[in-house]
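In: Model the following, please.
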Amino acid sequence: MNPLAELRYFFTALGYFTRVPVPRWVGYEPHYLNAAARYFPLVGVLIGGLSALVYLAALRVFPAGVAVLLSMAASLLVTGAFHEDGLADCVDAFGGAYSREDVLRIMHDSRVGAFGAIALVVALALKWQTLAALPPSRAAGLMIAAHGASRAMAISYLATLDYVRAEGKAKPVAQRLSGPALMCAALFGLPWLLWPNGRGAPDWRFALATCCVLLVLRVAIGRYFVRRIGGYTGDCLGFAQQVFELSIYLVGLAWISS
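Out: Purely as a prediction, here's the structure:
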């Protein structure tokens, strides 16, 4: 393993998924993106960490609901609403088309339709209300865990499904992910589920329950993608990441409410 190359791949992932400037020496080659896929969950952890810091800092001044909104605004700003765009495009396409060709055409359209707008409002509102209802330490821990784990689950489709466009913004990423790279991504993203409550002790039961929910969703979403379009697009990965992230928050709230 070449440490300099791995650092380049990490910065490539950071530059692709966020608006954070990366050093000029990193450069760009299409094959960097596929090699960088293993670091996407780590980038998610950093985004979740930023959200948690903004949330905890805002709690010193504002009520929980406002603090959560500010943390969400920070993550949207730093990512450029990258995954939320995929959510809106997918819901527009899957909700407004019947044939595979129409789904892909609508998904490629940059305009947001009624289905996509409604999906965005519902998803953001659910995140806001769910996190605002949680104790501060658990909410902050879940932000980190959800951003990392959701990206690990989303890119797992690179190992099992086919990219369906001849060209596209995700084409350089969309090579088959190797087993070692997938394992590396899982190690970057999933262990944070053990620490969502801020008490320091690993919560194995919560992590196991959440992983079971994520695996069920992964199978269901993957089968739906294959049935409708034969595989995935970049927007599909964004859609999946949003569903996985939201499901982690919901499981976290249900866990403390039960």
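In: After the helix-or-strand element of the chain with minimal mean pLDDT, which helix or strand is next?
Out: Ranking every helix and strand in the chain by mean pLDDT, DSSP states H and E puts helix 30-36 at the bottom, with a mean of 81. Proceeding N to C from helix 30-36, the next assigned helix or strand is helix 40-59, under DSSP states H and E.
In: Would you mark the buried spots in that following helix?
Out: Buried residues in helix 40-59, counting neighbours by 16 or more other Cβ atoms under 10 Å, are found at 40-52, 54-56, 58-59. C-beta coordinates here come from the backbone N, C-alpha and C atoms, glycine included.
In: do the same with stretch 80-96
Out: Buried residues in stretch 80-96, counted by 16+ other Cβ under 10 Å: 82-94.
In: Looking at the residues you listed, which one is closest to Trp192?
Out: His83 (17.5 Å; Cβ to Cβ).
In: is it true that that closest one touches Gln242?
Out: Yes: the pair His83 / Gln242 is scored as a contact, 5.4 Å apart, by Cβ atoms under 8 Å.
In: what is in contact with those two at once?
Out: Counting by Cβ atoms under 8 Å, 6 or more residues apart in numbering, His83 and Gln242 have no contacts in common.
In: List the buried residues in the top helix by length along the chain.
Out: Ranked by number of residues, the top helix in the chain under DSSP state H is helix 204-229. Within helix 204-229, the residues scored as buried using 16+ other Cβ under 10 Å are 206-207, 210, 213-214, 218, 221-222, 225, 228-229.
In: What mean pLDDT does that helix get?
Out: Averaged over helix 204-229, pLDDT sits at 96.
In: and after that helix, which helix or strand comes next?
Out: Next along the chain after helix 204-229, taking DSSP H and E as the criterion, comes helix 234-257.
In: list the helices and strands that next one packs on?
Out: For helix 234-257, the elements it packs on are helix 82-96, helix 114-132, helix 136-155, helix 204-229, judged by 3 or more Cβ pairs under 8 Å, 6 or more residues apart in numbering; DSSP states H and E.
In: and the following helix or strand past the first one, what other elements does it pack with?
Out: Scanning forward in sequence from helix 82-96 by DSSP H and E, the next helix or strand is helix 100-108. Applying 3+ Cβ pairs under 8 Å, 6+ apart, we find helix 100-108 packed against helix 82-96, helix 204-229.
In: Measure how the last one sits relative to helix 234-257, angle-wise.
Out: Counting by axes from the mean of the first three to the mean of the last three Cα atoms, to 10 degrees, helix 204-229 lies at 150 degrees to helix 234-257.
In: what about helix 204-229, distance to the chain center?
Out: Centre-to-centre, helix 204-229 and its host chain are 14 Å apart (Cα atoms, centre = their mean, to the nearest Å).
In: buried stuff in the least confident helix or strand of the chain?
Out: So, applying 16+ other Cβ under 10 Å, buried residues of helix 30-36: 32-36.
In: For it, list the C-alpha coordinates in PDB.
Out: In PDB, the C-alpha atoms belonging to helix 30-36 read as follows (Å, rounded to 0.1, in the frame of the first residue of the first chain):
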ATOM      1  CA  PRO A  30     -10.900   9.100 -13.500                       C
ATOM      2  CA  HIS A  31      -9.500   5.900 -11.900                       C
ATOM      3  CA  TYR A  32      -8.900   7.900  -8.700                       C
ATOM      4  CA  LEU A  33     -12.700   8.000  -8.000                       C
ATOM      5  CA  ASN A  34     -13.200   4.300  -8.000                       C
ATOM      6  CA  ALA A  35     -10.100   3.800  -5.800                       C
ATOM      7  CA  ALA A  36     -11.500   6.500  -3.500                       C
END
